[in-house]
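# Build me a model:
(one chain, ligands or ions: 2)
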Amino acid sequence: MKLRLQAIGHAFLGRQVFEKIDLSIDSGQVIALVGPSGCGKTTLLQIAAGLIEPSQGRLHRKYRRHAVVFQEPRLLPWMTARDNIAYGLRSVGVEKELRAKAVERRAAEVGLNARDLDKYPAELSGGMRQRVAVARGLAVDPDIVFFDEPFAAVDVGLKRVLQDLVIEAAARDHFSALFVTHDLAEAVRVAHRLVALSGNGEGFATDRSIDGTPGTRTDREVFDIVETWSRDPAFHELFDGAREHAS
Ligand SMILES: Nc1ncnc2c1ncn2[C@@H]1O[C@H](COP(=O)(O)OP(=O)(O)O)[C@@H](O)[C@H]1O
Ligand SMILES: [Mg+2]
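Ligands and ions are numbered 1, 2, ... in the order given. As a prediction, this is how the structure comes out:
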């Protein structure tokens, strides 16, 4: 177990978002967190990452280092891609030569070349910036990574490439992850297990393992799981929400 949330609840200005959330994330386990818009996914992720103090409950951490990857890349505009990736390493006190090595390695893993690394965020496409953000997170060798809809804004083809990067990195480095997404197919591709936060504040609507292993599921298998689950009452809110958005 890397992280355990115990009876977690949270209210903003007296308005309860959710309560009685229990969740344990095992070593090397990727958990996808889905739920309708506004149900508290970001809040729960930020509590798990220690960015928000929960109103109720306790957290038990059994890891050294974590990383957070947000929907927007949040790069420092005055630094090159290289320096952005190195940024977290500097703050954990890694010396310059090792920093450069880690940056090269992580950049290669996310498909950035040396020329890209010398560019500033404004000179990179949205997809490239998100690659930099992922590389920056992975550069610190995290034991657990918190992803908050990291690929929601990138186009469909690239989304798949970035999902594969995460799947490969998680398998290779054995980090745990909490991966928030509103895309059930993305959840089924990247994760071992899926939890759905209900929209009524009453905790998880479902908590289930996903057949197979991330990276080895065929497109057909992913499609079939999504098809089956989209008829499952546990996910109704998710799809009702999607319809509201579309209309
Ligand atoms: N800093 C904040 N102050 C007050 N209310 C907030 C704050 N952050 C989020 N909320 C509210 O809490 C609820 C959950 O938000 P959020 O966790 O962002 O949901 P999700 O990520 O699932 O869309 C929403 O109703 C949102 O308006
Ligand atoms: Mg959110």
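
# Every contact and neighbour count from this point should use C-alpha atoms.
OK.

# longest single helix anywhere in this structure?
helix 156-173 (DSSP state H).

# now for the next helix or strand after that helix, which elements pack on it?
Per DSSP states H and E, the first helix or strand lying C-terminal to helix 156-173 is strand 176-180. Contact partners of strand 176-180 among helices and strands, from 3 or more Cα pairs under 8 Å, 6 or more residues apart in numbering; DSSP states H and E: strand 15-25, strand 30-34, helix 41-48, strand 144-148.

# again, only this time at 7 Å
Packing partners of strand 176-180 (3 or more Cα pairs under 7 Å, 6 or more residues apart in numbering; DSSP states H and E): strand 30-34, strand 144-148.

# returning to what we had before: just want the angle from the longest helix of the chain to strand 144-148.
Put simply, helix 156-173 runs at 170 degrees to strand 144-148, going by axes from the mean of the first three to the mean of the last three Cα atoms, to 10 degrees.

# quick one, phi psi at the closest residue to Arg193 other than its chain neighbours?
Leaving aside its sequence neighbours, Arg193 sits nearest to Ser209 (Cα to Cα, 6 or more residues apart in numbering; 4.1 Å). Dihedral pair for Ser209: phi -90, psi 150, per degrees, to the nearest 10.

# How about the contacts made by Ser209?
Residues near Ser209 by Cα atoms under 7 Å, 6 or more residues apart in numbering: 192-194.

# What's the ChimeraX line that selects buried ones from these?
Here is the ChimeraX command that selects the buried residues among the contacts of Ser209 (16 or more other Cα atoms under 10 Å):
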select :192,193,194
